[in-house]
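[1] let me see the structure of the following:
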Amino acid sequence: IYISGGHEIPPAVQPSREERRAAVSSKTRRVCISTPAGADMATTGSVHLGAVDLHCEPNNTEHHTDEIGTERLIVRRGQAFRLSVEFRRPAFVDGKDQLKLFLDTGPSSSEAGRIRIEAVKSTAKRGKWTYDVEPARGILRLTVRSPANACIGLYTMQLLFYPGGGEGLQQIGAGTFHLLFNPWCKGLSC
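    The predicted structure follows:
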């Protein structure tokens, strides 16, 4: 049964999957963008990172969560998802510039109650949160992978950028996502 605005829609008048997807696609506002501002951002130098696009619709479709919705990021553990970060420098120099991804989860966003996970570059072994960075003109494309046994729940992402030229650091909130159980995962404990 499809629910809209907190009310059940009888099966006879429920929109089809294609109709729901077309309605979401036709919206003119981009609801799946995280723009760094206020408390989500700490900078000690130039601002290099901008808005983050969580690519909710394509990610949710790949993760079989698009029927839940595409206004927020809902992914499954053990499977990669992508995001893009606006980059306001001429080029990202891999090996010189550093980008770090942190994921916070737990019952509280306070320092004492949260669990902070540092994702590592994709050369890491299985069982860890990993990510790849693919620089392009004006944008950094990230592919994030959760381990097959990651805790399900709500996660908040933080990005830290350390420019190679020693220009300070920048930290931005990169949005939130829900991590769900994955019945299609090939790992033993998805």
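
[2] and the helices in this structure?
    17-25, 56-62 (DSSP state H).

[3] shaky segments in the chain?
    For the chain, the stretches with pLDDT under 70 are 1-45, 108-112, 123-125, 165, 187-190.

[4] if you set the cut-off to 90 instead, what comes out?
    Residues of the chain that meet the criterion pLDDT under 90 lie in 1-48, 88-96, 106-116, 121-127, 137, 162-169, 182-190.

[5] which stretches in it count as strands?
    2-4, 7-9, 33-34, 42-43, 49-53, 73-76, 81-87, 98-105, 115-121, 130-136, 139-145, 153-162, 170-180 (DSSP state E).

[6] looking at these, which is closest to His63?
    strand 73-76 (4.7 Å; CB to CB). (Glycine included, C-beta is placed from N, CA and C.)

[7] and that closest one, what does it pack against?
    Using 3 or more CB pairs under 8 Å, 6 or more residues apart in numbering; DSSP states H and E, the elements in contact with strand 73-76 are helix 56-62, strand 170-180.

[8] which residues touch the closest residue to Leu180 other than its chain neighbours?
    Spatial nearest neighbour of Leu180, excluding adjacent residues (CB to CB, 6 or more residues apart in numbering): Arg76 at 5.1 Å. With contact taken as CB atoms under 8 Å, 6 or more residues apart in numbering, Arg76 is in contact with 63-65, 179-182, 184-185, 190.

[9] buried members of those residues into ChimeraX, please.
    Applying 16 or more other CB atoms under 10 Å to those leaves a buried subset, and the ChimeraX line that selects it is:
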select :63,64,65,179,180,182,185,190
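
[10] so which of the contacts of Arg76 comes closest to Val144?
    Closest approach to Val144 among the contacts of Arg76 (CB to CB): Leu179, at 10.6 Å.

[11] how much space between the closest one and Gly50?
    Separation of Leu179 from Gly50 (CB to CB, to the nearest Å): 25 Å.

[12] how close does Ala91 sit to Gly138?
    Separation of Ala91 from Gly138 (CB to CB): 10 Å.

[13] what is in contact with those two at once?
    In contact with both Ala91 and Gly138: no residue, using CB under 8 Å, 6+ apart.

[14] may I have the residues that are in contact with the closest residue to Glu118 other than its chain neighbours?
    Among residues not flanking Glu118 along the chain, Phe102 sits closest, at 5.6 Å (CB to CB, 6+ apart). Residues near Phe102 by CB under 8 Å, 6+ apart: 116-119, 157-160.
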